[in-house]
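Undergrad: Here is the input, now give the coordinates:
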Amino acid sequence: MDWLINLLPFSYTDSVVFIGAVILGVAAGVLGAFAVLRQRSLVGDALSHATLPGVCVAFIATGAKDASTLAVGAAVAGFIGAAMILAIERTGRIRPDAAIGVVLTSFFSLGIVLLTFLANFNNANQAGLDRYLFGQAAGLLESDLVAMGSLCAVSLLLVALAFRPLKTALFDMSFAGSVGLPVRLIELAMTAMLVIAIVIGVRTVGAILMVAMLVVPTVTARQLTSRLSLLLVIAGIVGAMVGSTGALISASATLPTGPTIVIVGFCVALMAILLAPRRGVLWRSGKLLRDRRRALNEGVLIDLETALHAGAPPTTEELATLSGRPASQVKKGLRDLDRAGALRTEQGRIHLTESGAGMVHALLHQRSLWSAWLEYGWTLDIPDAREPDPRDLKSSLGDDLTNTLLQRAREGGWTAS
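TA: As a prediction, this is how the structure comes out:
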């Protein structure tokens with residue numbers, strides 16, 4: 001690990017914190033994804049709080065504040081907490097959220113009591129145990145990095161080797177059991193991975209804030225992809241970036257590392273929620289506005305075609321009256337159509353150009369084809385559960401199915417526009 005520490009252009013302490021934050025981000029991002037996607041995010045919160053009494057009991061049993069020993073105690077307490085949550089859910093009538101709340105509050109209260117108990121004995125060795133509450137990345141040592149890196153590497157290797165059964169059980173536990181997969185063992189493995197991620201990160205960000213590192217990378221990655229394999233990679237990268245960025249900011253501004261990492265993660269997740277392509281709030285809002293504008297333009301175009309067939313080319317006011325739309329909306333649609341070269345105005349009256357006539361024909365054909373789908377689509381033998389696009393039915397169904405649809409519609413007396 002020395003070569004990596006020396007490779008970084010920071011002081012020894014800052015380099016150790018930086019590497020520790022990166023390891024934490026990768027482990028929490030990849031391993032925490034299995035809890036978040038199962039809608040078990042609060043289990044991570046409960047288990048991170050459950051590690052506190054394990055740390056205290058390990059110190060009482062050994063009398064030494066050895067990081068490895070305390071980590072073992074934290075892991076054992078985490079497994080006990082996870083087993084209690086599962087037992088309460090399966091053997092009683094308590095809902096999962098209530099089971100999580102019971103374990104979280106009980107274990108955390110026990111941890112606070114044990115910390116107070118140790119503090120009353122004036123044992124100098126117990127100083128610093130309370131840092132497991134909020135984390136203290138500056139206390140990381142090179143040996144801690146080796147242990148964290150080893151746990152992270154082994155966990156990632158196991159995820160890679162067992163990816164297919166994990167994926168199957170993650171999205172459909174009943175199906176996984178029906179095909180012979182050991183669902184109880186897989187569920188235990190997912191819980192174990194969550195505990196490992198918590199043990200890796202609890203010293204850096206603390207028991208209280210650890211849940212943020214489990215959730216933020218997956219939330220961000222989920223906004224960018226729907227493929228699990230790619231999501232795990234993105235979550236690991238996002239976790240590493242959040243951890244390293246937070247560590248650098250905290251070192252330069254003399255701020256607590258754990259809270260700074262969490263704040264950076266919140267900002268990253270918020271940006272993904274707002275700006276992610278296809279899924280972001282702002283992106284979807286923009287698409288909704290564009291769809292409404294296109295629907296308005298198409299409606300005005302059809303109204304203009306109808307008016308031209310009924311008589312002389314209309315004025316803007318006459319078109320608004322015939323269409324029943326507000327005059328402001330008609331003017332907006334006409335401006336867009338004019339920019340698209342679909343119409344021309346002569347002496348205040350509106351005419352369709354050749355391009356506009358082609359647009360009208362394509363639009364009418366598209367609408368009539370959709371009407372045929374609504375009336376005769378049920379007769380088609382579609383090999384999958386595809387969802388046709390009303391704006392491009394031919395591309396959705398394919399040439400063969402579209403031709404079959406048209407043939408059956410004509411047999412039923414339907415004629416295309």
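Undergrad: Can you pull the phi and psi angles for Asp400?
TA: phi -60, psi -50 (degrees, to the nearest 10).
Undergrad: quick one: contacts of stretch 7-16?
TA: Contacts to stretch 7-16, defined as C-beta atoms under 8 Å, 6 or more residues apart in numbering, come from residues 4-6, 18-19, 138, 140-142, 144-145, 247-248, 251. Quick note: C-beta positions are derived from backbone N, CA and C, even for glycine.
Undergrad: How about stretch 215-224?
TA: 25, 28-29, 32-33, 36-37, 41, 44, 231-232, 234-236, 238-239, 242, 262, 265-266, 268-269, 272-273, 276-277, 279-280.
Undergrad: Filter these down to the buried ones.
TA: Burial by neighbour count, 16 or more other C-beta atoms under 10 Å: within the contacts of stretch 215-224 this picks out 25, 28-29, 32-33, 36-37, 41, 44, 231-232, 234-236, 238-239, 242, 262, 265, 268-269, 272-273, 276, 280.
Undergrad: Do you have the helices of the stretch 301-417 of the chain handy? List them.
TA: Assigned by DSSP state H, counting those that start in this stretch, the helices in the stretch 301-417 of the chain fall at 316-323, 327-339, 354-376, 393-397, 399-411.
Undergrad: Any chance of the ones you listed in a markdown table with mean neighbour count and distance to Leu308 as columns?
TA: Converted to a markdown table, the helices of the stretch 301-417 of the chain look like this (neighbours: other C-beta atoms under 10 Å; distance: least, C-beta to C-beta, whole Å):
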| stretch | mean neighbour count | distance to Leu308 |
| --- | --- | --- |
| helix 316-323 | 17 | 10 |
| helix 327-339 | 16 | 13 |
| helix 354-376 | 16 | 9 |
| helix 393-397 | 17 | 26 |
| helix 399-411 | 15 | 27 |
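Undergrad: Centre of the chain to stretch 81-98, how far?
TA: Relative to the mean C-alpha coordinate of its chain, stretch 81-98 is positioned 26 Å out (C-alpha atoms, centre = their mean, to the nearest Å).
Undergrad: what about the helices of the stretch 301-417 of the chain, which gets the closest to Gly177?
TA: Nearest to Gly177 among the helices of the stretch 301-417 of the chain is helix 393-397 (35.4 Å), distances taken as C-beta to C-beta.
Undergrad: Mind exporting the C-alpha coordinates of the closest one to CSV?
TA: This file holds the C-alpha atoms of helix 393-397, laid out as CSV (Å, rounded to 0.1, in the frame of the first residue of the first chain):
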residue,chain,number,x,y,z
LEU,A,393,-47.0,2.6,-35.4
LYS,A,394,-45.2,1.1,-38.4
SER,A,395,-41.8,1.2,-36.7
SER,A,396,-43.3,-0.3,-33.5
LEU,A,397,-44.9,-3.2,-35.2
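Undergrad: which outside residues touch that helix?
TA: Residues outside helix 393-397 that contact it (C-beta under 8 Å, 6+ apart): 366, 369-370, 373, 380, 382, 386-389, 402, 405.
Undergrad: what's the distance between the most centrally placed residue in the chain and Val159?
TA: Compute the mean C-alpha point of the chain, and by C-alpha atoms, centre = their mean the closest residue is Arg222, 2.6 Å away. As judged by C-beta to C-beta, to the nearest Å, Arg222 and Val159 stand 17 Å apart.
Undergrad: CA atoms of stretch 271-284 as PDB?
TA: Only the C-alpha atoms of stretch 271-284 are listed here, as PDB (Å, rounded to 0.1, in the frame of the first residue of the first chain):
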ATOM      1  CA  MET A 271     -28.100  16.600 -10.000                       C
ATOM      2  CA  ALA A 272     -28.800  13.100 -11.400                       C
ATOM      3  CA  ILE A 273     -32.500  13.300 -10.300                       C
ATOM      4  CA  LEU A 274     -32.900  16.600 -12.000                       C
ATOM      5  CA  LEU A 275     -30.700  16.300 -15.100                       C
ATOM      6  CA  ALA A 276     -30.400  12.600 -16.000                       C
ATOM      7  CA  PRO A 277     -31.300  11.900 -19.700                       C
ATOM      8  CA  ARG A 278     -34.800  10.400 -20.100                       C
ATOM      9  CA  ARG A 279     -35.300  10.100 -16.300                       C
ATOM     10  CA  GLY A 280     -34.300  13.500 -14.900                       C
ATOM     11  CA  VAL A 281     -37.100  15.800 -13.700                       C
ATOM     12  CA  LEU A 282     -36.000  18.700 -15.900                       C
ATOM     13  CA  TRP A 283     -35.500  16.400 -18.900                       C
ATOM     14  CA  ARG A 284     -38.900  14.900 -18.500                       C
END
